[in-house]
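could you work out the structure for the sequence below:
(one chain, ligands or ions: 2)
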Amino acid sequence: MKKDFYIYNTASRTKEPFAPLHDTVGMYCCGPTVYNFAHIGNLRTYIFEDVLRRTLLSLGYTLKHIVNITDVGHLVSDADTGEDKMEKGAKREGKSVWDIAACYTQKFMENIRDLNIQNPDLFPRATDHIPQMIAMVQELERKGVTYRTGDGIYFDTAKFTAYPDFARLDPASIRAGERVDMGDKRSPTDFALWKFSPPGVKRQMEWESPWGAGFPGWHIECSAMALAYLPQPIEIHCGGTDHIRVHHTNEIAQAEGATGKPFVRYWLHGEFLVIDKGKMAKSGGNFVTLDSLKSRRIPPLAYRLFCFSAHYRSPLAFSWEGLAGAAQSLVNLRRDLVAGAKAPSEPADPGNAENLLKDFYAAVCDDLNMPQAMAALWDIVRNEKISPAERRAAAARADDILGLDLLQVPEEEPAESFAGEKDAAIRLTSGRPLTDAQKREIVEKVRQRQRARAVKDWGAADRFRTELTQLGATVKDRPDGTAEVAIQ
Ligand code: AMP
Ligand code: ZN
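Ligands and ions are numbered 1, 2, ... in the order given. This is a model prediction of the structure:
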């Protein structure tokens with residue numbers, strides 16, 4: 001018999017026992033818009049979805065898991081105005097839209113491989129599914145829930161009475177939005193299903209349709225691709241919390257408007273990675289990529305472990321210090337399991353991996369409570385009453401879900417997160433000229449202090465601060481882990 005698995009369903013705003021509707025569980029996750037690098041905030045969402053996938057598999061479910069690639073039609077504004085993100089990315093880099101899509105799709109694939117995120121069954125590309133999207137828009141037209149404006153075919157949200165339900169939208173706040181410029185839209189919540197290519201403009205990506213040359217709206221992509229591959233109702237649909245209000249609300253309206261059947265049974269949403277109290281966003285320019293972690297010699301799996309320090313439904317604050325702490329923990333875990341595993345000091349408790357992992361599974365099955373699951377794993381790893389072989393066997397089972405390569409031989413040195421003077425983690429300003437040797441000495445001490453802080457060795461950190469003061473350097477620690485060093 002399968003273990004009970006509880007997941008928080010955004011649709012009901014409650015934790016519910018998971019009960020599949022088909023022999024094969026369908027799972028659709030909104031994938032990347034490939035106009036730029038994914039940032040580690042985006043990757044937090046894919047890590048949470050990967051843990052969900054691995055949990056379902058380890059509970060014995062058969063899965064059909066789809067992650068789409070949005071390579072067209074995602075406009076820079078949710079209000080269906082502004083440029084297409086892909087065309088914008090192409091202009092920025094002086095490349096064709098197709099090249100941009102290929103380049104950032106490949107980067108995304110590298111990122112997920114580095115993070116031990118398992119491949120889904122399929123990565124459908126939006127540009128390969130234009131006929132399915134057109135067919136769905138035609139069906140919506142037949143159902144009488146669309147209208148035409150000067151720039152596209154729109155979904156008439158007034159005709160879908162359940163529209164406000166999913167995001168608990170307040171009709172008063174929707175009306176307040178009417179003051180915003182809506183173009184020819186009848187309501188601020190109406191959204192484009194198909195956009196016409198602007199007259200006289202030849203877009204790089206455009207397709208013939210019953211309404212002339214144009215391109216699909218972003219939301220229709222996901223509804224059409226999800227239903228192209230998964231039977232309705234789809235068991236699970238995931239994404240980041242930002243998608244609840246517009247993207248997923250619109251997906252539901254389209255899919256249920258076209259088919260008259262419930263679209264999805266369980267909706268799961270991951271909270272944001274935040275930085276400097278704001279969300280990490282590509283548009284905000286405050287984003288960190290996996291490549292920038294790697295260039296500081298922080299292993300990607302340390303970031304995966306860092307993500308397990310918060311529940312997926314809680315915001316997680318990014319800091320370089322926190323990340324360095326996670327890198328150290330990963331080294332410690334592997335060292336305890338592989339290199340330094342001591343023989344039991346007392347006769348080993350008989351037990352098998354499955355038994356030892358009861359608390360671990362209980363935490364995972366309680367809506368993927370990874371901080372608690374990690375605590376349960378540490379209890380096993382540090383339990384000297386259990387033989388090293390049994391600890392390793394239990395860790396290997398846990399790793400089916402964690403994906404941390406726990407039994408890998410650890411590197412001798414913990415990840416070096418602060419690479420030096422050119423590193424953005426240290427900002428030097430000096431009121432007097434410094435020789436290279438003086439600069440090097442100060443930078444080296446700042447680095448040593450940052451390392452000490454990363455492993456919470458406050459005594460050593462204070463000693464380095466005193467030595468820096470003696471050299472005329474004052475250090476200010478910013479919330480993102482950057483050290484501002486002023487030299488008088
Ligand atoms: P995008 O490529 O912008 O469509 O985003 C891909 C996924 O990342 C979506 O599921 C978003 O909801 C999610 N996402 C965007 N920003 C963040 C963030 N700062 N933290 C966590 N997830 C995010
Ligand atoms: Zn989507």
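
which bits of the protein sit near ligand 2?
30, 222 (Cβ under 5 Å from the ion). All C-beta spots, glycine's among them, are computed from the backbone N, C-alpha and C.

where does the chain get nearest to ligand 1, residue-wise?
Residue nearest to ligand 1 within the chain (Cβ to the nearest ligand atom): G240, separated by 2.0 Å.

buried residues in stretch 395-403?
By 16 or more other Cβ atoms under 10 Å, the buried positions in stretch 395-403 come out as 395, 397-399, 401-403.

would CSV of these with secondary structure and distance to ligand 1 be doable?
Shown next, in CSV, are these (DSSP: H, G, I helix; E, B strand; the rest coil; distance: Cβ to the nearest ligand atom, whole Å):
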residue, secondary structure, distance to ligand 1
A395, helix, 28
R397, helix, 28
A398, helix, 24
D399, helix, 24
I401, helix, 20
L402, helix, 19
G403, coil, 18
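
which helix or strand in this structure has the lowest average pLDDT?
Least confident helix or strand, the chain: helix 171-176 with a mean of 66, by mean pLDDT, DSSP states H and E.

what's the neighbour count on the residue of the chain closest to ligand 1?
If you count neighbours by other Cβ atoms under 10 Å, G240 ends up with 22.

give me the element the residue lying closest to it once chain neighbours are set aside is part of.
Leaving aside its sequence neighbours, G240 sits nearest to T45 (Cβ to Cβ, 6 or more residues apart in numbering; 4.7 Å). According to DSSP states H and E, T45 maps onto helix 40-58.

buried residues, that helix. List them.
Across helix 40-58, burial judged by 16+ other Cβ under 10 Å covers 40-57.

using PDB, list the CA coordinates for stretch 223-236.
Taking C-alpha atoms only, stretch 223-236 is exported to PDB below (Å, rounded to 0.1, in the frame of the first residue of the first chain):
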ATOM      1  CA  SER A 223      -3.400  25.100 -22.000                       C
ATOM      2  CA  ALA A 224      -2.900  23.700 -25.500                       C
ATOM      3  CA  MET A 225       0.300  21.800 -24.800                       C
ATOM      4  CA  ALA A 226      -0.900  20.400 -21.400                       C
ATOM      5  CA  LEU A 227      -4.100  19.000 -23.100                       C
ATOM      6  CA  ALA A 228      -2.100  17.800 -26.100                       C
ATOM      7  CA  TYR A 229      -0.300  15.300 -23.900                       C
ATOM      8  CA  LEU A 230      -2.300  14.700 -20.700                       C
ATOM      9  CA  PRO A 231      -5.800  13.400 -20.100                       C
ATOM     10  CA  GLN A 232      -8.200  15.800 -18.400                       C
ATOM     11  CA  PRO A 233      -8.400  16.500 -15.500                       C
ATOM     12  CA  ILE A 234      -4.700  16.700 -15.300                       C
ATOM     13  CA  GLU A 235      -3.600  15.500 -11.800                       C
ATOM     14  CA  ILE A 236      -1.000  18.100 -11.000                       C
END
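
just the closest residue of the stretch 251-400 of the chain to ligand 2, please.
E251 (6.3 Å; Cβ to the ion).

the helix or strand containing that residue - what's its average pLDDT?
Using DSSP H and E, E251 falls within helix 249-259. Averaged over helix 249-259, pLDDT sits at 98.

just stretch 374-385 next, same as before
On average, stretch 374-385 scores 91.

so how far is it off the chain centroid?
With Cα atoms, centre = their mean, to the nearest Å as the basis, stretch 374-385 stands 28 Å off its chain's centre.

and that stretch, what's buried?
Neighbour-count burial for stretch 374-385, counted by 16+ other Cβ under 10 Å, picks out 374, 376-377, 380-381, 383.

in helices, which of the residues you listed fall?
Among the buried residues of stretch 374-385, the members found in helices (DSSP state H) are 374, 376-377, 380-381.

so who does L230 touch?
Contacts for L230 (Cβ atoms under 8 Å, 6 or more residues apart in numbering) come out as 26, 28, 64, 66.

now it: phi and psi?
phi -120, psi 140 (degrees, to the nearest 10).

likewise for T70?
When quoted as degrees, to the nearest 10, the phi and psi of T70 stand at phi -90, psi 110.

on that earlier part again, pipe the contacts of L230 into a markdown table and attach distance to I220, pLDDT and secondary structure per row.
Shown next, in a markdown table, are the contacts of L230 (distance: Cβ to Cβ, whole Å; pLDDT from 0 to 100; DSSP: H, G, I helix; E, B strand; the rest coil):
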| residue | distance to I220 | pLDDT | secondary structure |
| --- | --- | --- | --- |
| G26 | 19 | 98 | strand |
| Y28 | 14 | 98 | strand |
| K64 | 21 | 98 | strand |
| I66 | 16 | 98 | strand |
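
which one of those residues sits in the busiest neighbourhood?
Top of these by neighbour count (other Cβ under 10 Å): Y28, with 28 neighbours.

so who does the nearest residue to it once chain neighbours are set aside touch?
Nearest residue to Y28 in three dimensions, chain neighbours excluded: A226, at 4.4 Å (Cβ to Cβ, 6+ apart). Residues counted as contacts of A226 (Cβ under 8 Å, 6+ apart) are 28, 66, 234, 237, 251, 255, 263.

which SS class is the fourth one?
At H237, secondary structure determined by DSSP: H, G, I helix; E, B strand; the rest coil is strand.

what about A362, distance to R53?
20 Å (Cβ to Cβ, to the nearest Å).

where exactly do the strands run in the stretch 151-300 of the chain?
For the stretch 151-300 of the chain, the strands defined by DSSP state E, counting those that start in this stretch occupy 152-155, 191-196, 214-216, 234-240, 264-270, 273-275, 278-279.

out of the ones you listed, which is closest to C103?
C103 lies closest to strand 214-216 among the strands of the stretch 151-300 of the chain, at 20.1 Å (Cβ to Cβ).

outline the domain layout of the protein.
6-274, 425-488 (automatic domain parsing).

any idea how far the nearest residue to C222 once chain neighbours are set aside is from L169?
Closest residue to C222 apart from its sequence neighbours, by Cβ to Cβ, 6+ apart: E251 at 5.2 Å. Using Cβ to Cβ, E251 is found at 15 Å from L169.

compare those two (neighbour count), which wins?
E251 (27 against 16).

re the thing from before, contacts with ligand 1 among the buried residues of stretch 374-385, please.
Among the buried residues of stretch 374-385, none lies close to ligand 1 by the criterion of Cβ under 6 Å from any ligand atom.

identify the farthest-apart pair in these.
Most distant of the buried residues of stretch 374-385, by Cβ to Cβ, are M374 and N383, 14.8 Å apart.

orientation of the helix holding T45 relative to strand 264-270 in degrees?
Computed with axes from the mean of the first three to the mean of the last three Cα atoms, to 10 degrees, the direction of helix 40-58 lies at 130 degrees from that of strand 264-270.

what's the mean pLDDT across helix 40-58?
In this model, helix 40-58 has a mean pLDDT of 98.
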